[in-house]
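Asker: the sequence and its predicted three-dimensional model are supplied below.
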Amino acid sequence: MKLGAFSISLAVKDLTVSKQFYENLGFSVFAGNIEKNYLILKNGTTLIGLFQGMFEKNILTFNPGWDENASTLGAFDDIRDIQKQLKGAGVVLSTEVDEKSTGPASIVLIDPDGNPVLIDQHV
């Protein structure tokens with residue numbers, strides 16, 4: 001199963017303070033919009049999303065179809081195929097995608113320790 005690019009999405013209290021903290025660690029703004037309360041920061045191949053007021057917990061995020069530069073991959077496992085594999089393995093999904101749909105979609109599952117895992121396909 002190819003899950004695509006990985007990032008951690010952090011629920012932050014103060015976007016500006018968090019941005020400065022991670023810039024001090026060598027990250028730079030890669031995408032997002034501070035006026036819309038989110039930024040994506042990058043250091044090498046490592047991605048961190050900073051989100052103020054959008055969700056309560058930190059989220060592990062995978063993006064099928066994207067590499068760490070948000071470039072579309074030539075070949076990737078579609079979210080609907082990933083969903084089928086997970087369900088076939090007995091994994092309980094919090095949200096599902098319509099298996100008859102195509103294109104962008106997402107699913108959410110919760111790991112054994114209560115951490116949300118978002119598999120979010122943009123292509």
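Answerer: In hand now; what should we look at?
Asker: please identify the helix or strand for the most centrally placed residue in the chain.
Answerer: Ranked by distance to the mean C-alpha position of the chain (CA atoms, centre = their mean), the top residue is residue 61 at 2.7 Å. Using DSSP states H and E, residue 61 sits within strand 59-63.
Asker: dump the C-alpha coordinates for that strand into CSV.
Answerer: The C-alpha coordinates for strand 59-63 follow below in CSV (Å, rounded to 0.1, in the frame of the first residue of the first chain):
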residue,chain,number,x,y,z
ILE,A,59,-3.2,14.5,12.9
LEU,A,60,-1.0,12.2,11.0
THR,A,61,-1.5,12.9,7.3
PHE,A,62,-0.8,10.9,4.1
ASN,A,63,-1.4,12.2,0.6
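Asker: how far off centre is it?
Answerer: From the chain centre to the centre of strand 59-63 is a distance of 3 Å (CA atoms, centre = their mean, to the nearest Å).
Asker: one more: stretch 26-43?
Answerer: In terms of CA atoms, centre = their mean, the centre of stretch 26-43 is found 14 Å from the chain centre.
Asker: what about it, how long is it end to end?
Answerer: Across its full length, stretch 26-43 reaches 6 Å between end residues, using CA to CA, to the nearest Å.
Asker: repeat that for stretch 89-103.
Answerer: Distance across stretch 89-103, first residue to last, is 24 Å (CA to CA).
Asker: now do the contacts for the residue nearest to the centre of the chain.
Answerer: Neighbouring residues of residue 61 by CB atoms under 8 Å, 6 or more residues apart in numbering: 6, 7, 8, 9, 49, 117, 118, 119, 120. (Each C-beta comes from the backbone N, C-alpha and C, glycine too.)
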